[in-house]
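Q: how does the following fold in three dimensions:
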Amino acid sequence: MKSIITFCALSVAACGGGGQQESHPDPMVDGGDGSDAKPGVVIDAGVDNGMLDAALGCSPATCDGCCDGDVCRSGTSTAACGLGGAACVDCGSRGTCATEETNMCVVDPASRWNVIALRAKLPEKKKDGRSWDLAGGLPDGLARGQLSGDATGDTRSVTDTLMPVWNEPIATDIRAADIEGLVIEVLDNDPDGDDVIAACAISIPEFGYFGGPELLFQCPDRAGYELVITLEPN
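A: Alright, predicted model coming up:
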């Protein structure tokens, strides 16, 4: 519902007095005039993108990957994802680090999810202006999932209301990669045949919505219609 891997291995030490500066493996060296030198920066290439000396810390100025406290990580792993010196993010068991773009957590396309229809707001009339029932009653709403033309699940019908509440699955054990093609219909359940109130394909939401907050969908061609769903791990 956005790869840079930098490896560094260097040791820098500053010396006092007027002598020529030279590299030294120690972060503290004698400056040549009897005074102590300033702490140097030590970056260890053996730890991700390097470990920064605690005196300097990890920041956007010192780290191309992500900061895990004072440690600069490469930012390309699921457990430590990030870029530009931002704080590392753990993508969790159902996420992965999108290293081909900007080192952001995205949902693992092979992870499995349940799509839950929570509730809807329905228009008062049909598109042609007629009432939903011959006697002027309100719709008996149910939600249905469809994937590649096949039904994936229905909710129960909630009678005579414009605000049905279901909190029931309409698709179970569905791959994250397939959610893009899921169509959700809301129907007026009638004995002589169901009337389609609205039908829209949903798009893959941002990573944070998987297993997280509610998602509200509207169909552009159906005024007064809203559908709220959530995605739960299977």
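Q: use CA for all of it now, contacts and neighbours both
A: Fine.
Q: just give the closest residue to the residue most central in space within the chain, not the sequence neighbours.
A: Centroid-nearest residue in the chain: residue 207, 1.1 Å away (criterion: Cα atoms, centre = their mean). Leaving aside its sequence neighbours, residue 207 sits nearest to residue 106 (Cα to Cα, 6 or more residues apart in numbering; 5.1 Å).
Q: tell me what that neighbour is bridged to.
A: Beta-bridge pairing for residue 106 (DSSP bridges): residue 96.
Q: against residue 176, how distant is it?
A: 10 Å (Cα to Cα, to the nearest Å).
Q: same check on residue 105?
A: Residue 105 is 14 Å from residue 176, by Cα to Cα.
Q: residue 148 now?
A: Distance of residue 148 to residue 176, given as Cα to Cα: 15 Å.
Q: so these two - more neighbours on which side?
A: residue 176 (20 against 10; other Cα atoms under 10 Å).
Q: and that one, what does it touch?
A: Neighbouring residues of residue 176 by Cα atoms under 8 Å, 6 or more residues apart in numbering: 107, 108, 109, 110, 111, 112, 113, 204.
Q: most neighbours among those residues, which one?
A: Highest neighbour count within those, by other Cα under 10 Å: residue 107, with 23 neighbours.
Q: what's near enough to touch that one?
A: If a contact means Cα under 8 Å, 6+ apart, then residue 107 has 94, 95, 96, 176, 207, 210 as its contacts.
Q: just the pLDDT at the last one, thanks.
A: As summarised for this prediction, residue 210 has a pLDDT of 88.
Q: and it, how many neighbours?
A: Residue 210 has 24 neighbours, counted by other Cα under 10 Å.
Q: for the third one, same thing?
A: Residues within reach of residue 96, counting by other Cα under 10 Å, total 23.
Q: check contacts around it.
A: 77, 78, 105, 106, 107, 108.
Q: again, 10 Å this time
A: Neighbour list for residue 96: 76-81, 90, 103-109, 207 [criterion: Cα atoms under 10 Å, 6 or more residues apart in numbering].
Q: which of the residues you listed lies closest to residue 191?
A: Closest approach to residue 191 among these (Cα to Cα): residue 109, at 39.6 Å.
Q: which element is that closest one on?
A: Applying DSSP states H and E as the criterion places residue 109 outside every helix and strand.
Q: picking up where we left off before, wait, what's in contact with the residue nearest to the centre of the chain?
A: Residue 207 makes contact with 1, 91, 94, 95, 96, 104, 105, 106, 107, 108 under the criterion Cα under 10 Å, 6+ apart.
Q: I figured the last one was touching residue 95, is that so?
A: Yes. Shown here, residue 108 and residue 95 form a contact pair, counting by Cα atoms under 10 Å, at 4.7 Å.
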